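> quick one, structure for this:
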Amino acid sequence: MIEPFYYDYWGNRIETSEPTRRALLDAIGEEDQSAAAVVVREGDAPAIAGEYDGWAIELEGGESYGGELSRLPLGYHRLTTRRCDDEQTRALIVTPHRCYLPGAMRDGGCWAVSTQLYALRSKRNWGIGDFGDLAAFARLSAGAGARSIGLNPLHELHPCNPTAASPYSPSSRLFLNVLYIDVEGVPEFRESPQAKAAVAAPEFRQRLDGLRRTELVDYAGVAAAKLEILAMLHRTFHVEHLRRNDARARAFVRFRREGGQTLARLARYEALAEHFRALDASSYGWQDWPAEYQSPESAAVARFARVHAERVRFFCYLQWVATEQLAAAASAAAASGATLYGDLAVGSALGGADAWSGRQALVVDASLGAPPDPLNRLGQNWGVAPLSPRALRTLGYAPLVALLRSNMRHAGILRIDHVMALRRAFLIPRGAPASLGAYVRYPLEEMLGIVALESVRNRCAVVGEDLGTVPEGFRERMTDARVLSTRIFYFERDWSDATFLPPERWPRMAAASFGTHDLPTLLGWWTGDRGEAEDRTADRLRLVEALEGAGALGAADAGALREDARRGGTPHVAAQLAAGMQRFLAATPSVLHVAAIEDVLYETQAVNVPGTLDEHPNWRRKRSLSLEEMERDGRLAQAAAILNR
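Here you go, the predicted model:
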């Protein structure tokens, strides 16, 4: 399970130290092989005959199965085996060989436009892009021809600590960020004279105007304004609906029932986090709470939930409203011929709700990260907990299934961040530096089968973020399973001479784009050099050569770009540069082309600069144009005209 060594970026063999191995074994725990799930591909028979005195299979729907084992239907079944007087029941999962791929991709390809949801501006939002903006952006983009709307992870972050805003360090990957709620779009807003009066008050309108005008999202200000009014709406919901037990109340009760223990624990966590942060502003997560509250099953937590039942219910209400609004945005996209393109972060924050409520499914005494490389010579510690390879098998992969279902429910495409974690993950023992981490193996074939099964059932295509150190043969296996590879123009090169690969050398089963949220925008890259002016000039000229060679630039535009490249790169050539890149990507055989809205709008500032905290306004920068201005601006239409062809 723990690899004895790995080769670093420079080709050095790094041995796993004995203290690291012991620490990770303690963090992961021992696996009960007798309870481990059995996962087989469709058409294969599980290896059970002859090993036991007897066996029985109960299908997912509850009926018994007595047919040929190689004809077991897809799904999550139960296998009971008997040997002597011992009887054991475990999961038997039959999975497809490949993920779902929509017709538009099978028939040649389609394009998506991507944005960070928080970054959307509009006249009506409260200083942060919300689900109402998402519906409007989806209609606008789909109207231009985009078949999918790419988004940052929408996971629940930290409502009582809103400045912890990285979507890749969520409190819970199972639930939604409630700051994306369109407050005035909640039905209770129309029924609440108190809320309407509060929002109409001059002082509050002034607060909202200030939140809208900022160039960066003021997370603390947004959270304060939204949670204040949402609390009023919850009280209105209690009076107007719950007390009357009407259809809306019953829908909420059904949501809580279906959410079960997982939703109940999230709501308790949020109420506890709010409570302890009010007592101590430095309290970040459950490890900072008094010991009696650190287990979700403790008597102290149960007492707190009874005493603060209304606040616990409030956090359930927020998740319900957020889910309603995301579903409405997905419906708006579908009505215009598009889907949502979601993003699943690689782990959950060590101090967050998932780690508190579902510790049996996670490795919470270690953190995901990456070994040293030229950009991070000390390695990286991401501060997030991964799923436990031991728990996955003994729990019948239920934690992975729940994670995929919750993130595929309203999406037509799902990006899996750091998809290499399906095969191995770099784990760092608690308190150790990243340089003392080690790779831990995961059951790739079984996990990939689960991904394929949920992809097919949810009719959701899968994109794997496979950038960085990719194990040998991994990309080929993903292609076989119809998991699209992430291909970035900047990295698609012949590294013998650093030239960019021509379109025909790009893979078909891929999502092609210029960059990612962790890289400069197209114009930012063109105009910036980060102190490497000579190398950047050479790269600019290589880019022009690649675009011209692919027929993406005419001679005049290529000449203008070359001249600008030698001058150091200026914004004056933004239109020619963007159009050339769009034509180049459209010329690749890749089945999905992703146009970042920041590149369409010629923006220069990066979404995120890895390795920085306060040095760069990560996850806060808004779009340069509002949705209303985008609708009048011609640049999305210009990009669409190229990509549609």
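
> all strands for the stretch 201-350 of the chain, in order.
Taking DSSP state E, counting those that start in this stretch, the strands of the stretch 201-350 of the chain run over residues 339-344, 348-349.

> out of the ones you listed, flag the one nearest Ser298.
Of all those, strand 348-349 sits nearest to Ser298, with 20.6 Å by C-beta to C-beta. Every C-beta, even on glycine, is put in place using the N, C-alpha and C of the backbone.

> check the offset of the very next helix or strand once past that closest one from the chain's centre.
Next in sequence after strand 348-349, counting helices and strands by DSSP states H and E, comes helix 353-357. Remark: helix 353-357 is offset 18 Å from the chain centroid, using C-alpha atoms, centre = their mean, to the nearest Å.

> quick one, longest helix in the chain?
Longest helix in the chain by number of residues (criterion: DSSP state H): helix 247-279.

> which strands and helices sit next to that helix?
Here helix 247-279 touches strand 172-176, helix 219-237, helix 299-307, helix 309-335, helix 353-357, going by 3 or more C-beta pairs under 8 Å, 6 or more residues apart in numbering; DSSP states H and E.

> buried set for that helix?
248-249, 252, 255-256, 259, 262-277 (16 or more other C-beta atoms under 10 Å).

> all helices of the stretch 101-250 of the chain, in order?
103-106, 131-144, 187-191, 193-200, 202-213, 219-237, 247-279 (DSSP state H, counting those that start in this stretch).

> buried stuff in stretch 187-204?
In stretch 187-204, counting by 16+ other C-beta under 10 Å, buried: Glu188, Phe189, Ser192, Ala195, Val199.

> make CSV out of those residues and add pLDDT and distance to Tyr6.
Shown next, in CSV, are the buried residues of stretch 187-204 (pLDDT from 0 to 100; distance: C-beta to C-beta, whole Å):
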residue, pLDDT, distance to Tyr6
Glu188, 98, 54
Phe189, 98, 54
Ser192, 98, 57
Ala195, 98, 55
Val199, 98, 55
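
> include distance to Lys622 when you put those into JSON lines, please.
What follows is these, written out as JSON lines (distance: C-beta to C-beta, whole Å):
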{"residue": "Glu188", "distance to Lys622": "28"}
{"residue": "Phe189", "distance to Lys622": "24"}
{"residue": "Ser192", "distance to Lys622": "29"}
{"residue": "Ala195", "distance to Lys622": "26"}
{"residue": "Val199", "distance to Lys622": "21"}
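
> now, the most widely separated pair of those?
Glu188 and Val199 (12.7 Å).

> Asp44 and Ser70 touch, don't they?
Yes. Shown here, Asp44 and Ser70 form a contact pair, counting by C-beta atoms under 8 Å, at 6.5 Å.

> what packs against the host helix or strand of Phe426?
In the assignment (DSSP H and E), Phe426 maps to strand 424-429. Based on contacts counted as 3+ C-beta pairs under 8 Å, 6+ apart, the elements that strand 424-429 packs against are helix 18-28, strand 366-370, strand 438-441.

> highest mean neighbour count out of those?
strand 366-370 (a mean of 24; mean count of other C-beta atoms under 10 Å).

> after that one, which helix or strand is next?
Following strand 366-370 in sequence, per DSSP H and E, is strand 380-381.

> that next one packs against which elements?
Looks like strand 380-381 contacts strand 366-370 (3+ C-beta pairs under 8 Å, 6+ apart).

> picking that back up, as JSON lines, the helices and strands packed on strand 424-429 with distance to Leu627 would be great.
Formatted as JSON lines, the helices and strands packed on strand 424-429 follow (distance: least, C-beta to C-beta, whole Å):
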{"stretch": "helix 18-28", "distance to Leu627": "46"}
{"stretch": "strand 366-370", "distance to Leu627": "35"}
{"stretch": "strand 438-441", "distance to Leu627": "44"}
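
> any chance of these in CSV, with distance to Tyr100 and mean pLDDT too?
Converted to CSV, these look like this (distance: least, C-beta to C-beta, whole Å; pLDDT from 0 to 100):
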stretch, distance to Tyr100, mean pLDDT
helix 18-28, 32, 95
strand 366-370, 27, 95
strand 438-441, 27, 97
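
> these: which one's closest to Leu227?
So among the helices and strands packed on strand 424-429, strand 366-370 is nearest, using C-beta to C-beta, at 29.5 Å.

> so what strands line up beside that closest one?
Taking DSSP bridges as the criterion, strand 366-370 sits next to strand 380-381 (antiparallel), strand 424-429 (antiparallel) in its sheet.

> kindly export it (C-alpha atoms) in PDB.
Output of strand 366-370 as PDB, limited to C-alpha atoms (Å, rounded to 0.1, in the frame of the first residue of the first chain):
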ATOM      1  CA  ALA A 366      -2.000  12.800   7.100                       C
ATOM      2  CA  SER A 367      -2.400  15.400   4.300                       C
ATOM      3  CA  LEU A 368      -2.400  15.300   0.500                       C
ATOM      4  CA  GLY A 369       0.500  17.100  -1.200                       C
ATOM      5  CA  ALA A 370       3.200  16.800  -3.700                       C
END
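
> residues in contact with it?
23-24, 27-28, 346-347, 350, 376, 379-386, 418, 421, 425-430, 434, 437, 468-469 (C-beta atoms under 8 Å, 6 or more residues apart in numbering).

> cool, and stretch 70-89?
Contacts of stretch 70-89 (C-beta under 8 Å, 6+ apart): 34-35, 38, 40, 42-46, 48, 51-60, 65, 90-96, 396, 401, 453, 456.

> so which of the strands of the stretch 201-350 of the chain comes closest to Thr323?
With C-beta to C-beta, the closest approach to Thr323 among the strands of the stretch 201-350 of the chain belongs to strand 339-344: 13.3 Å.

> mean confidence for that closest one?
The average pLDDT for strand 339-344 rounds to 98.

> before we move on, what about stretch 158-174?
Per-residue scores along stretch 158-174 average to 96.

> do stretch 117-137 as well
For stretch 117-137, mean pLDDT rounds to 98.

> CA atoms of it as PDB?
Written as PDB, here are the backbone C-alpha positions of stretch 117-137 (Å, rounded to 0.1, in the frame of the first residue of the first chain):
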ATOM      1  CA  LEU A 117     -18.700  31.400 -10.300                       C
ATOM      2  CA  TYR A 118     -17.700  33.800  -7.500                       C
ATOM      3  CA  ALA A 119     -16.100  36.100 -10.100                       C
ATOM      4  CA  LEU A 120     -19.300  36.900 -12.100                       C
ATOM      5  CA  ARG A 121     -20.500  40.400 -11.800                       C
ATOM      6  CA  SER A 122     -24.100  41.600 -12.300                       C
ATOM      7  CA  LYS A 123     -26.300  44.500 -11.400                       C
ATOM      8  CA  ARG A 124     -28.400  42.400  -9.000                       C
ATOM      9  CA  ASN A 125     -26.000  40.100  -7.200                       C
ATOM     10  CA  TRP A 126     -24.600  40.900  -3.700                       C
ATOM     11  CA  GLY A 127     -20.900  41.200  -4.500                       C
ATOM     12  CA  ILE A 128     -20.300  37.600  -5.500                       C
ATOM     13  CA  GLY A 129     -21.500  35.600  -8.400                       C
ATOM     14  CA  ASP A 130     -24.500  33.400  -7.400                       C
ATOM     15  CA  PHE A 131     -26.700  30.700  -8.700                       C
ATOM     16  CA  GLY A 132     -28.900  33.300 -10.400                       C
ATOM     17  CA  ASP A 133     -25.900  34.600 -12.200                       C
ATOM     18  CA  LEU A 134     -25.000  31.100 -13.200                       C
ATOM     19  CA  ALA A 135     -28.400  30.600 -14.800                       C
ATOM     20  CA  ALA A 136     -27.900  33.900 -16.700                       C
ATOM     21  CA  PHE A 137     -24.400  33.100 -17.800                       C
END
